[in-house]
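Undergrad: Sequence and predicted model, in that order:
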Amino acid sequence: MREELLRLNNLCVDYRVKDGYLSAVKDVSFSIEKGEIFAIVGESGCGKSTIAHSILRLLPDHNEVIKGNIIFNGENLNQYSDKQMEAVRGKKIGMIFQNPLDSLNPVYTTGKQVAEGIMLDKVTREEAWKRVVNLYNDVKMPDAERRANSFPHELSGGMRQRVMIAMMLARTPQLLIADEPTTALDVTIEAQILNIIKSLRDEHNTSVMLITHNFGLVAEVADKVAVMYAGEVAEQGTVFDIFDNPKHPYTKLLMKALPRKTKKEGRLQTIEGSVPRLTGVKRGCRFENRCPYSMDICRTENPPKINVTDSHFFNCHLEKGGE
Ligand SMILES: Nc1ncnc2c1ncn2[C@@H]1O[C@H](COP(=O)(O)OP(=O)(O)O)[C@@H](O)[C@H]1O
Ligand SMILES: [Mg+2]
């Protein structure tokens, strides 16, 4: 039987900005089961990173208003103290980001930084170092021992991301949040990193929340997909629901813009217009101004949730989605 690991209930995040509040995430609900790869896909500015940072409590302090619940392993993380959250970060929920340099300390060798995490579990320095080299081999780091003795600036982008994954693997978290982990990497390295993420799930039953703006990548690795637009989930389903039977006009446009061959084409740049700036309370569908099927009601009423199957829904005034 499948078991739920993470659940968001009506998560809303508003950032305080000069002219009021910016609604970055609105009423987002989904759950991730153990051993599942759940992708969140959407253009830049759709609120994907805000969701990740909310879960880890890494949002800039006093700048935002958060509503809704984040349930992890049956416990409400909202009720955790900052100290309890520190114990969750890294150990229970691991994370990798687009730019590993932001997370690596330039003045220590990468191996020393990975070893530090391992030594939190009270193992000796020698034992920790052995594990570092093993982990580097696990993440297919070329010339593992030498790379462990290298400083971050001496490594390529792909190698740095391998360091981040090794660091995360050292703690064997239950959930990995990967926020655009391969965006800065070329296609070959991207495929290798995705394979490491997949084997992590296969070997340790780790759940993965994969955040990306690359719809093509989703088809390759994800079990389930939430398509986000301007802070809201436009459509959600299994990878088969979404790719075989897309319903929301936005998902359909993304499908059309789907990369066929090169990574560059995979960027979601082919849809007219841009994500609206979401300050002030507005009713209606957030995709309305870019939607080819826009109707009067789309400007005045929030779109209803339409269930296609038990696993598949979309939010739209068009009963069957745009045809
Ligand atoms: N610290 C912040 N203060 C104000 N607005 C922010 C902040 N961080 C992000 N935003 C805004 O919130 C929206 C969602 O951003 P983000 O979650 O980074 O989107 P994504 O990861 O999908 O690109 C964007 O409009 C962005 O400009
Ligand atoms: Mg982001």
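TA: Structure received. This is a predicted model, so every value here is computed, not measured. Residues are numbered from 1 along each chain as shown. Ligands and ions are numbered 1, 2, ... in the order given.
Undergrad: going forward, measure contacts and count neighbours with C-alpha atoms only.
TA: Will do.
Undergrad: which stretches of the stretch 201-323 of the chain form strands?
TA: 207-212, 224-229, 232-238, 305-309, 312-315 (DSSP state E, counting those that start in this stretch).
Undergrad: Let's have the ones you listed in TSV, adding distance to ligand 1, mean neighbour count and mean pLDDT.
TA: Below are the strands of the stretch 201-323 of the chain laid out as TSV (distance: least, C-alpha to the nearest ligand atom, whole Å; neighbours: other C-alpha atoms under 10 Å; pLDDT from 0 to 100):
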stretch	distance to ligand 1	mean neighbour count	mean pLDDT
strand 207-212	8	26	96
strand 224-229	8	26	96
strand 232-238	10	24	97
strand 305-309	22	14	95
strand 312-315	19	23	97
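Undergrad: Ligand 1 contacts on the stretch 1-150 of the chain?
TA: For the stretch 1-150 of the chain, the contact set with ligand 1 under C-alpha under 6 Å from any ligand atom comprises 15, 17, 24, 44-50, 60.
Undergrad: Could you measure from Arg16 over to His62?
TA: 9 Å (C-alpha to C-alpha, to the nearest Å).
Undergrad: Quick one: mean pLDDT over stretch 71-79.
TA: What stretch 71-79 shows for mean pLDDT is 96.
Undergrad: Alpha carbons of that stretch, as PDB, please.
TA: Provided in PDB are the C-alpha atoms of stretch 71-79 (Å, rounded to 0.1, in the frame of the first residue of the first chain):
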ATOM      1  CA  ILE A  71       1.900  17.900   7.000                       C
ATOM      2  CA  PHE A  72       5.100  15.800   6.900                       C
ATOM      3  CA  ASN A  73       4.900  12.200   8.200                       C
ATOM      4  CA  GLY A  74       1.600  13.000   9.800                       C
ATOM      5  CA  GLU A  75       2.900  15.900  11.700                       C
ATOM      6  CA  ASN A  76       2.000  19.600  11.100                       C
ATOM      7  CA  LEU A  77       5.300  21.400  10.400                       C
ATOM      8  CA  ASN A  78       3.600  24.700  11.100                       C
ATOM      9  CA  GLN A  79       3.600  23.700  14.800                       C
END
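Undergrad: what about Asn105, which helix or strand?
TA: Using DSSP states H and E, Asn105 sits within no helix or strand.
Undergrad: Hmm, Ser150 and it touching each other?
TA: No - counting by C-alpha atoms under 8 Å, Asn105 sits too far from Ser150 to count as a contact (11.9 Å).
Undergrad: Buried residues in the helix or strand that Glu127 is a member of, which are they?
TA: Glu127 belongs to helix 125-138 when assigned by DSSP H and E. Buried residues in helix 125-138, counted by 16 or more other C-alpha atoms under 10 Å: 128-129, 131-137.
Undergrad: Kindly report the same for stretch 159-174.
TA: 159-174.
Undergrad: May I ask which two of the residues you listed are separated the most?
TA: Using C-alpha to C-alpha, these span at most 23.5 Å, a distance reached by Met159 and Gln174.
Undergrad: got the contact list for Ala144?
TA: Ala144 makes contacts with 133, 136-137, as judged by C-alpha atoms under 8 Å, 6 or more residues apart in numbering.
Undergrad: Now do it against Arg131, distance only.
TA: 11 Å.
Undergrad: Leu56 now?
TA: 26 Å.
Undergrad: Below-threshold pLDDT in the stretch 201-323 of the chain: ranges please.
TA: Low-confidence segments of the stretch 201-323 of the chain, defined by pLDDT under 70, are located at 259-281, 320-323.
Undergrad: Could I get the CA-only coordinates of stretch 119-134 as PDB?
TA: This file holds the C-alpha atoms of stretch 119-134, laid out as PDB (Å, rounded to 0.1, in the frame of the first residue of the first chain):
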ATOM      1  CA  MET A 119      30.200  13.500  11.400                       C
ATOM      2  CA  LEU A 120      27.000  14.900  12.900                       C
ATOM      3  CA  ASP A 121      26.100  11.200  13.300                       C
ATOM      4  CA  LYS A 122      29.100  10.800  15.600                       C
ATOM      5  CA  VAL A 123      31.500   8.900  13.300                       C
ATOM      6  CA  THR A 124      35.200   9.400  13.300                       C
ATOM      7  CA  ARG A 125      37.000  11.700  10.800                       C
ATOM      8  CA  GLU A 126      38.600   8.700   9.000                       C
ATOM      9  CA  GLU A 127      35.300   6.800   8.700                       C
ATOM     10  CA  ALA A 128      33.600  10.000   7.500                       C
ATOM     11  CA  TRP A 129      36.200  10.500   4.800                       C
ATOM     12  CA  LYS A 130      35.800   6.900   3.600                       C
ATOM     13  CA  ARG A 131      32.100   7.500   3.300                       C
ATOM     14  CA  VAL A 132      32.700  10.700   1.400                       C
ATOM     15  CA  VAL A 133      34.700   8.900  -1.200                       C
ATOM     16  CA  ASN A 134      32.100   6.100  -1.400                       C
END
